[in-house]
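>>> Give me a model of this one.
(chains A and B)
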Amino acid sequence: MEGALKLWAIIVLVGALNYASRLSFIAIFSRRSIPPLLARALRFVPAAMLTALIVPMVVMPSGAIEPLSPRVVAALVAAAVAFRARNTLATLTAGMLALWTLQAIGG
Amino acid sequence: MASPDFRAGFVEMLPACLGLIPFGLVCGIGAQAAGADALAAFGLSTIIFSGAAQILALQLYAAGAPLAIVVLTCFVLGLRLLMYSAAMAPHLATLSPRWQRGLAFVLTDQAFAAAIRRFNATHDPREGARYFAGCGAALWTTWQSTNLAGYFAGNLIPVSWSLDFAVPLCFIALVAPLMRNLPNVTAALVAAVAVLAFGALPMKLNLVVAGVLGIVAGTLAELAGERWKER
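Below you'll find the predicted structure:
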């Protein structure tokens, strides 16, 4: 499958699965409680899956691993701010300012 | 319609919405860059309605991954929605199916965090539901308008601004505060190492492999920790 049709298939299938997950325990399995081991495992989805997304974007934005680029330093600054402040806007501001500063210094 | 609870939810969501503006713009730009037409771009933001899933789906689509891999990888990412659903379910149990279906539609990372706080503070599920609906309305409006703006006007933003960096920053804002307990740190470290170690896998399979390994590592670390304490 190629092009526009494939993209629509992705939109519909991912959208349907996302909505089914959102609705799952609210309506579909509302009479059932979540199995304990599943509940335990699901709590690690954000830390695992979002980290798997973050790391390539920060460490290898152009395909090759760059361990000490401005992006890596700026991400660490943002992580420190997020850890302390738990605030998206503060994290964004700190991270973007750090990146722009480092890029300006580095030319 | 606009009850005080709905309005409170809407207004209190606005700071988070401000933080989502660059993320929404990048999603719109990503759709445009991947060659989506305007309707498909609108479908991405309205039907999927999840920035992380949209970015991931577009990355995989651009990398030429087969449909099954795209859907599987996005499903693993979306598993966190099951957790939100389970946590939200007792608060919504007494509401009508229409309210349940509507609120489930706007169940996102940001709306969950805000609404669950309100539900825990109030004894009236309808008050919490109206607040939740207000959060959802603010997020939905922001998300659609920024995605559209990114799609149509994203090329006006200079590349030197590195706006794409806003995406990992939004995820960092969600993940970094979780690093207060050891099992979560384990899950993140294992996922980080795995995503790089398996970087050579085709079709960005390293993402789903790293995600699953991280989830397993976090679960095992927590079980081991509990066993240790029982001794």
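>>> And the pLDDT at residue B:123?
On pLDDT, residue B:123 comes in at 82.
>>> same deal with residue A:28?
Reported pLDDT for residue A:28: 85.
>>> Give me the distance between the closest residue to it other than its chain neighbours and residue B:145.
Spatial nearest neighbour of residue A:28, excluding adjacent residues (CB to CB, 6 or more residues apart in numbering or on different chains): residue A:20 at 7.2 Å. Using the backbone N, CA and C atoms, a C-beta is placed for each residue, glycine as well. The gap separating residue A:20 from residue B:145 is 27 Å, by CB to CB, to the nearest Å.
>>> C-terminal to whichever helix or strand residue B:83 is part of, what's the next element?
Assigned by DSSP states H and E, residue B:83 falls within helix B:67-92. As assigned by DSSP H and E, the chain's next helix or strand after helix B:67-92 is helix B:97-105.
>>> Could you figure out how far that following helix is turned away from helix B:67-92?
Compare the direction of helix B:97-105 with that of helix B:67-92 by axes from the mean of the first three to the mean of the last three CA atoms, to 10 degrees and you get 130 degrees.
>>> coming back round to it: can you tell me how far the residue nearest to residue A:28 is from residue B:56?
In terms of CB to CB, residue A:20 sits 17 Å off from residue B:56.
>>> Check residue B:37 too.
Distance from residue B:37 to residue B:56, by CB to CB: 20 Å.
>>> Same check on residue B:134?
Taking CB to CB, one finds residue B:134 at 28 Å from residue B:56.
>>> With residue A:44 instead?
For residue A:44, the distance to residue B:56 - CB to CB - is 18 Å.
>>> Neighbours of the closest residue in space to residue A:86 that isn't next to it in sequence, how many?
Closest residue in space to residue A:86, ignoring its immediate chain neighbours: residue B:177 at 4.5 Å, by CB to CB, 6+ apart. Residue B:177: 17 surrounding residues under other CB atoms under 10 Å in any protein chain shown.
>>> Which positions within the helix or strand in which residue A:4 is found qualify as buried?
Assigning secondary structure by DSSP H and E places residue A:4 in helix A:3-23. Neighbour counts over helix A:3-23 (16 or more other CB atoms under 10 Å in any protein chain shown) mark A:6-8, A:10-11, A:13-15, A:17-23 as buried.
>>> Any stretches of chain A with poor pLDDT?
Applying pLDDT under 70 to chain A flags residues A:1, A:107.
>>> again, only using 80
The model of chain A has pLDDT under 80 over residues A:1-2, A:30, A:107.
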